Each structure stands twice: as C-alpha cells, then as structure tokens.
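> what's the 3D shape of this:
(chains A and B)
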Amino acid sequence: MRSTRSVVAPGNDAGMGRFSDPPLLVLASLASGPKHGHAMIEDIAGLCGTRLGPGTLYGAIARLEQQGWIEPLPPEDRRQPYRITGAGLRVLRARLGTLQQFAKAGRKRLEAL
Amino acid sequence: MNRAVARLLTSLYPRAWRARFGSEFEALLESGQGGLHTFVNVVLSALREHIFPTQGGKMNQPALSFGAIVRRPSAFVPMAMSLTALALVLGHIALYGAVREADEGATAHLWQILMAGQLPVLIFFAIKWLPRAPRQTLCVLGLQAGAVLASVAPVLIFNL
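Take a look at the predicted model:
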C-alpha cells in the first residue's frame, strides 16, 4: 500500500501534492550508488522531500527486483544493499526523459500566459 | 523500533515474502523510529502483499499447479453449487416434466440460491488466485463458467 510523507515545509505549493512514485524514487536513489533500505529512505527524503514508509519502500524494492531493474548485493550484517541494473538505468532514463518533456511543455504553457 | 514489534509487523507478511525479505525488512524497521505512520504503512503493505503478492507469491517456491488450485475450497465449491443446481433442475424435469409453472416452487428457489450464492466465492477466488497463478486460475474459472452454463442451459432450453 503506497504511503509517503512529505518532509518539506509547506510553501506556495501546499495542497498540490508531491512527487510520490516509489519505484521511480528508488531507481533515482540507487542511480547514485548502491544503498540499503534506511539509506534509500534518507536519500529520497533529501532528493525530493518524500519520506517513504518501510512497507512502501519494500513494496517497490520487491517489484523492481522482480522486473530485474535492481539487484541485491552481498548483505552487510542484516542490512541488504541494492544496486540498479543496466535495464533499471534504461528505464530510469526513459522515465526521466518523459518527465523532462512534460516539465518543458508545462513551462512553455506557463510562459505563454 | 523495538525488535519484538518489528518482528510482529514483519510476521504480517506472507511466508514466501518473509523468506526473501523478512530479515532485512525487520532490520530496517528496527533502525527506524516507528510510530503510528510506520505501523499503518506496514500493516497496509502487508495486506496488499497478501492480495497482490510479488512474483505471484511464488518467490523461490515452485509454481502452483492446476491440481493444487482446483482443490482449493473457493475453486471447487462454486462448481459443486452449479452441479447441485443442475442436478436439482434435471431431477425436477424427471419428476414433473419440463413444464413451466406459474409459481416458483422450492426447486426454483434452491436453484436461485445456489447460483447467486456462488458469486461471492467466485469473486474471492478470482481476486485471490489470478495474480498468483493466472494461467491455472483462468483454467479453473473456465471450468466454473462451464458448470454455471450447464446449470443455466436446461432452464433456458425448457423455458422453466
């Protein structure tokens, strides 16, 4: 069950929602290097102000691993680090490209006002 | 979070999921602060995992066979209800003939109860098993649909 919590102080965009696509957030977090669960939560919170719940995070991890977009590394004590795979990087690039196009089109429309 | 609470929350997940992610998930819960938000998040995520299991709930276990699924009560009970309804209709035709009666009798009411009563079981079966073993579940659903059609056919053919 998706559950995310904003850790960014409400500003002018309050009420506009927040970016909360857990699999994409996990991929983006792992793009900067392998991480275990707690490090991913902190990294994502710093990246976009969204703090994933542990259940949400592992829901995303399980499905990303199933897709072959991330893979586990040898465990460190009881913590399990993950890294993004080549396929995961391609998916991340494609998704970010789409978001970039969307943002560009949105900005153009705003400029035209 | 307290280790006992973390273990309790992890135990809410299906066994196959725990076998794969249980230890690391428990470690993650222990490293966090907990709180109501975490508790609700984990409970709902565990519930979701029961309904829509990752990898169809298989993880490292062998795939569920058709035989294993068809033996589930939610698979065979609807078929049994349809076949009982069919037997009732055929028995009624054998005893009283294929005559449409002005008033619905006990047989008709029983038939209606059996046919309507299996609907929630069918829905439950589809929701539970389609994500886990789609092909095998579709085969069972096909059998269930066949049993329903077999039960409805004499009613339509003889216009009872």
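
> C-alpha from now on. contacts and neighbour counts both.
OK.

> quick one: contacts of the helix or strand encompassing B:Ala85?
In the assignment (DSSP states H and E), B:Ala85 maps to helix B:73-96. The contact list for helix B:73-96 (Cα atoms under 8 Å, 6 or more residues apart in numbering or on different chains) reads B:69-70, B:99, B:107, B:110-111, B:114-115, B:118-119, B:121-122, B:124-125, B:140-141, B:143-144, B:147-148, B:150-152, B:154-155.

> and chain A, which residues reach chain B?
Where chain A comes near chain B, counting by Cα under 8 Å from any Cα of the partner chain, the residues are A:1-3, A:37-38, A:53-56, A:58-59, A:62-63, A:66, A:78-80.

> So which bits of stretch B:65-73 are buried?
Using 16 or more other Cα atoms under 10 Å in any protein chain shown as the test for burial, stretch B:65-73 gives B:69-70.

> all helices in the chain, in order from the N-terminus.
You didn't say which chain, so I picked chain A. With helices called from DSSP state H, chain A shows them at A:22-30, A:37-48, A:54-67, A:86-112.

> my bad, the chain I had in mind was chain B
Shown for chain B, the helices assigned by DSSP H span residues B:3-10, B:15-31, B:36-51, B:66-70, B:73-96, B:106-129, B:134-157.

> Contact residues of chain B facing chain A?
Contacts of chain B with chain A, taken as Cα under 8 Å from any Cα, map to B:23-25, B:27-29, B:31-32, B:37-38, B:41-49, B:54-55.

> List buried residues within those.
Buried subset of the residues of chain B next to chain A (neighbour count, 16+ other Cα under 10 Å): B:24-25, B:27-29, B:31, B:38, B:41-49, B:54-55.

> Export the least confident helix or strand in chain B by mean pLDDT to PDB, keeping only CA atoms.
Within chain B, confidence by mean pLDDT, DSSP states H and E is lowest for helix B:66-70 among all helices and strands, at a mean of 79. Provided in PDB are the C-alpha atoms of helix B:66-70 (Å, rounded to 0.1, in the frame of the first residue of the first chain):
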ATOM      1  CA  PHE B  66      -3.700 -26.600 -11.700                       C
ATOM      2  CA  GLY B  67      -4.400 -29.600  -9.400                       C
ATOM      3  CA  ALA B  68      -3.300 -27.600  -6.300                       C
ATOM      4  CA  ILE B  69      -5.500 -24.700  -7.200                       C
ATOM      5  CA  VAL B  70      -8.600 -26.600  -8.200                       C
END
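
> same for it, what does it pack against?
On a contact count with 3 or more Cα pairs under 8 Å, 6 or more residues apart in numbering or on different chains; DSSP states H and E, helix B:66-70 meets helix B:134-157.

> That'll do, ta.
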